[in-house]
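Asks: whatever this is, show me its structure:
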Amino acid sequence: MAPKHKHNDSLDPLTLAMAPPPNETSEQRAKREREEAEALQVSRRIDAELKLAKIALKKRKDAVQVLVLGQSMSGKSTTIKNFQIAYAQKSWAEERTSWRAVILLNLVKSVNTVVDILTETMESAELLVTESQGSGKKTRPLTPLNENHRNIIRRLGVLRQIERDLKMLLGSGASEVEDPSEGDDGHQFNPSRVQEFSVRSSSGWKDILDRIRNPSQGKESESQRKAFQVISSCRDDILLVWNDKSVRSVLKNREASLEDSPGFFLNDIDRILSPNYEPSDRDIVRARLRTTGVQEYTFTLDRGNHAAVDWIIYDVAGVRTSRAAWIPYFKEITALIFLAPLSSFDETLAEDPRVNRLEDTFMLWKTVCSNKLLAKVQIILFMNKTDILKKKLESGIQVNQHIPEFRDKSNDYDTVANWFKKLFKRLYFANTTPGREFISHFTSVVNTEATSQTLAAVQGAILRSDFVNTGLL
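Replies: This is a model prediction of the structure:
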């Protein structure tokens with residue numbers, strides 16, 4: 001016994017711990033070896049994951065990271081779509097067909113918005129009023145709407161369920177943004193205050209479109225097919241309502257400029273409801289799918305003579321209550337694209353109707369320019385929605401009635417746009433690091449061709465900044 005004890009003392013503790021137990025049966029040995037093999041597999045998988053995480057961390061560190069900021073409905077998502085069109089064409093092509101469900105939802109929501117306005121108009125006044133006239137009595141309409149409109153509205157009621165079905169298709173757990181205009185006089189329609197469907201997603205529309213493209217058990221495909229059939233069956237009634245002069249009169253009186261609202265497709269109904277419809281680039285750019293939280297999009301862009309480089313673009317919520325979430329992204333980013341919707345000069349914030357939207361944008365711009373974390377970040381200003389600004393000015397809307405500082409200047413587009421640019425530039429140089437370049441572009445990001453040229457210039461500016469910061473220039 002003594003020699004055996006001496007031999008055990010010569011073994012290291014690890015060998016002793018890993019040694020099989022004495023008197024081990026064949027069944028116990030098989031179980032032990034199986035567990036050891038499983039543990040080895042887990043260890044190798046962890047090592048592989050750590051290696052991949054290390055590679056991803058280095059890749060992320062080397063990527064050009066861009067933060068897109070602006071109010072809600074300023075054009076952030078549309079700008080990112082333009083990046084994808086220009087620089088990620090493969091994924092853009094793969095997602096194209098899936099946007100059809102989003103566009104159908106946009107179309108149905110527009111129809112239901114019109115129906116809501118017409119229903120409210122008819123409910124707030126009797127259709128006929130009786131007047132005494134000489135010895136007899138005569139009735140006259142108090143509203144241009146009549147029983148024919150009421151019957152059409154009743155038939156279009158089936159679209160309520162279709163809207164609910166499409167929302168479920170696009171995102172379980174989706175929600176509506178509360179309508180802060182409740183309690184107003186209800187006369188003026190404000191697109192920024194309409195209850196808006198939103199989906200929570202960390203990768204924006206990509207997860208949502210992937211689910212539509214790869215349906216589980218055919219449920220999503222059936223839901224979309226049913227929606228298309230029902231909307232198609234309502235096509236004639238939709239066209240009757242939208243093209244009716246009395247309906248247009250009511251919408252005008254309510255200042256309901258639906259054409260300027262995100263996701264407007266009522267003028268494209270024949271094309272969208274054709275059996276072989278495939279969304280165009282312009283359709284997808286115009287489509288509205290609001291996501292909540294912070295979305296991250298990754299593209300690979302070509303550096304010209306240099307190697308391709310990954311770009312990570314962040315889109316964060318623009319409502320006031322979400323702006324605290326912006327700060328953590330200021331530390332790592334290469335560039336910041338700020339969206340300023342110039343057409344919002346006569347609108348108020350959805351979350352606070354007392355605040356003019358463009359004045360809020362100026363305050364937000366000042367905050368961004370003065371932030372110390374952004375001292376070395378390239379800031380690029382997109383003065384967006386110039387197409388809508390032109391339409392508003394041509395319709396006679398006076399800037400000085402909403403922004404008194406404009407005073408008695410000419411109300412034409414060039415004067416107004418350049419005055420806004422001067423304000424942004426003045427705020428920039430008054431609040432930013434000395435010697436910094438002011439880069440700005442007038443944009444209408446729903447115009448994909450014009451925006452592609454702007455993005456090419458933006459790409460060059462951002463890469464120059466990246467070269468300087470990394471010591472390559």
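Asks: which residues of the stretch 51-200 of the chain score low on pLDDT?
Replies: By pLDDT under 70, the low-scoring segments of the stretch 51-200 of the chain are 51-61, 125-142, 172-200.
Asks: let's see that with 80 instead.
Replies: 51-62, 87-88, 91, 124-143, 171-200 (pLDDT under 80).
Asks: now the helices for it?
Replies: 76-87, 89-95, 99-123, 147-155, 159-170 (DSSP state H, counting those that start in this stretch).
Asks: so which of those helices is nearest Glu405?
Replies: Glu405 sits nearest to helix 76-87 of all the helices of the stretch 51-200 of the chain, at 26.6 Å, using CB to CB. In this view, the C-beta of every residue, glycine as well, is placed from N, C-alpha and C.
Asks: now the angle between helix 99-123 and that closest one, please.
Replies: On the basis of axes from the mean of the first three to the mean of the last three CA atoms, to 10 degrees, helix 76-87 is oriented at 150 degrees to helix 99-123.
Asks: coming back round to it: could you dump the helices of the stretch 51-200 of the chain into a markdown table and include distance to Thr451?
Replies: Formatted as a markdown table, these follow (distance: least, CB to CB, whole Å):
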| stretch | distance to Thr451 |
| --- | --- |
| helix 76-87 | 5 |
| helix 89-95 | 14 |
| helix 99-123 | 18 |
| helix 147-155 | 38 |
| helix 159-170 | 25 |
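Asks: what's the most buried one of these?
Replies: Comparing the helices of the stretch 51-200 of the chain by mean neighbour count (mean count of other CB atoms under 10 Å), helix 76-87 ranks first with a mean of 22.
Asks: list the helices and strands it packs on?
Replies: strand 64-70, helix 89-95, helix 281-286, strand 295-301, strand 309-315, strand 335-341, helix 448-469 (3 or more CB pairs under 8 Å, 6 or more residues apart in numbering; DSSP states H and E).
Asks: burial count for Gly460?
Replies: With neighbours defined by other CB atoms under 10 Å, the count for Gly460 comes to 11.
Asks: swap in the one 4 residues further on?
Replies: Applying other CB under 10 Å, we find 14 other residues in the vicinity of Arg464.
Asks: before we move on, back to that, out of the helices and strands packed on helix 76-87, which is closest to Val114?
Replies: Of all those, helix 281-286 comes closest under CB to CB, at 18.0 Å.
Asks: which of the residues in that closest one are buried?
Replies: Asp283, Ile284, Val285, Arg286 (16 or more other CB atoms under 10 Å).
Asks: the second one and Arg96 touch, don't they?
Replies: Looking back up the chat, that one is Ile284. Yes - contact criterion CB atoms under 8 Å: Ile284 and Arg96 qualify, at 7.0 Å.
Asks: from Ser257, how far off is Thr121?
Replies: Between Thr121 and Ser257 the computed distance is 16 Å (CB to CB, to the nearest Å).
Asks: just Arg155 next, same as before
Replies: Counting by CB to CB, the gap from Arg155 to Ser257 is 26 Å.
Asks: now do Phe228
Replies: Counting by CB to CB, the separation of Phe228 from Ser257 is 28 Å.
Asks: just the pLDDT for Ile379.
Replies: For Ile379, the pLDDT comes out at 92.
Asks: again, but for the one 3 residues further on
Replies: At Phe382, the pLDDT value in this model is 95.
Asks: show me what the strand or helix carrying it is packed up against.
Replies: Phe382 is located in strand 378-384, with elements delineated by DSSP states H and E. Counting contacts by 3+ CB pairs under 8 Å, 6+ apart, strand 378-384 packs against strand 335-341, helix 357-370, helix 413-431, strand 439-442, helix 448-469.
Asks: just the buried positions in that strand, please.
Replies: Residues of strand 378-384 classed as buried: Gln378, Ile379, Ile380, Leu381, Phe382, Met383, Asn384 (neighbour count, 16+ other CB under 10 Å).
Asks: mind putting those into JSON lines with distance to Glu36?
Replies: Below are the buried residues of strand 378-384 laid out as JSON lines (distance: CB to CB, whole Å):
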{"residue": "Gln378", "distance to Glu36": "55"}
{"residue": "Ile379", "distance to Glu36": "57"}
{"residue": "Ile380", "distance to Glu36": "57"}
{"residue": "Leu381", "distance to Glu36": "62"}
{"residue": "Phe382", "distance to Glu36": "60"}
{"residue": "Met383", "distance to Glu36": "65"}
{"residue": "Asn384", "distance to Glu36": "62"}
